[in-house]
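>>> here is my input; please provide its structure:
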Amino acid sequence: MTHSLVCLPGWAMAPSVFDPLISALPSPTPRAQALPRGGTLQEWATQMASALPADTVLCGWSLGGMLALQLARTVPLKALILINTTPCFVQTDDWPHASSAQDFTHFKQAFHQDPSALLRHFIQLQNQGEPNPRAFGRQLAAHLIEDTTSLGKGLEILAHTDLRNTVSELPTLPTLILHGSEDRVIPSQAGHWLAAALPHATLFTLPNAGHALPVSQPQALAQIIHTFLSRLP
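The predicted structure follows:
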């Protein structure tokens, strides 16, 4: 396989969060990249687009998956891998598969009042659905970033982004969708919606797994991803 696999982390996470998955993949060796700082999602995509090789397979987790969807509009990607990703993070009248607007407003307020406490709470949210949440939480916390300015910008992107129309523009892109069945950050129904909206998508729902699949399920993800990549033309 000659694909360039580039991994984009979720909100509040450093690229090192992909280390367990990178170690588990036999080939190709992925490159994990930090999310940009500041700006809008479109500005993030513009900033990153010129640095991606033509044979890139983008692997985005959560907010990183939303950025991957945005990039797919303009960059000729080889394929897309979306881990616990949603096109729209906050509920609307016609989008129930998300956090309620009230809950997300409280989340943002708590972040601005006490970022460290909110990040600990965020780790706990990601622990839910995992068989050993305490040990997993310590492992996940090691990959947190604490740049409050960039984290605040990321929350604004989550609050105002709706990529459902973007998804409709990607009908021919081979896409692998991976979602934890017990995800309490992004409901698994969002993954099912993406799979239905993309006719060349394959969905794997991992049982008894939460939001942070790159850390909690690296072996399972690596096997599925390796098979997906080996079947690309």
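
>>> how much space separates G39 from A45?
Computed as C-beta to C-beta, to the nearest Å, the G39 to A45 distance reads 10 Å. Backbone N, C-alpha and C define where each C-beta goes, glycine included.

>>> look at the two and report which has more neighbours.
A45 (21 against 14; other C-beta atoms under 10 Å).

>>> tell me the secondary structure at that one.
helix (DSSP: H, G, I helix; E, B strand; the rest coil).

>>> surely it touches A72?
No - between A45 and A72 there is no contact under C-beta atoms under 8 Å: 9.0 Å.

>>> in the protein, which spans are strands?
4-8, 31-32, 56-61, 79-83, 175-180, 201-206 (DSSP state E).

>>> D147 and P36, how far apart?
12 Å.

>>> give me the more crowded residue out of those two.
The neighbour count for D147 versus P36, taken as other C-beta under 10 Å, is higher for P36 (18 against 12).

>>> pLDDT score assigned to the more buried one?
With respect to pLDDT, P36 scores 93.

>>> pretty sure it contacts T46?
No - contact between P36 and T46 fails when scored by C-beta under 8 Å: they sit 9.5 Å apart.

>>> for A51, give me the pLDDT.
88.

>>> the most centrally placed residue in the chain bridge partners, please.
By C-alpha atoms, centre = their mean, the chain has its centre lying nearest to W61, at 1.8 Å. With DSSP bridges applied, W61 shows beta-bridge pairing to I83.

>>> before I go, just wanted to say thanks for your time.
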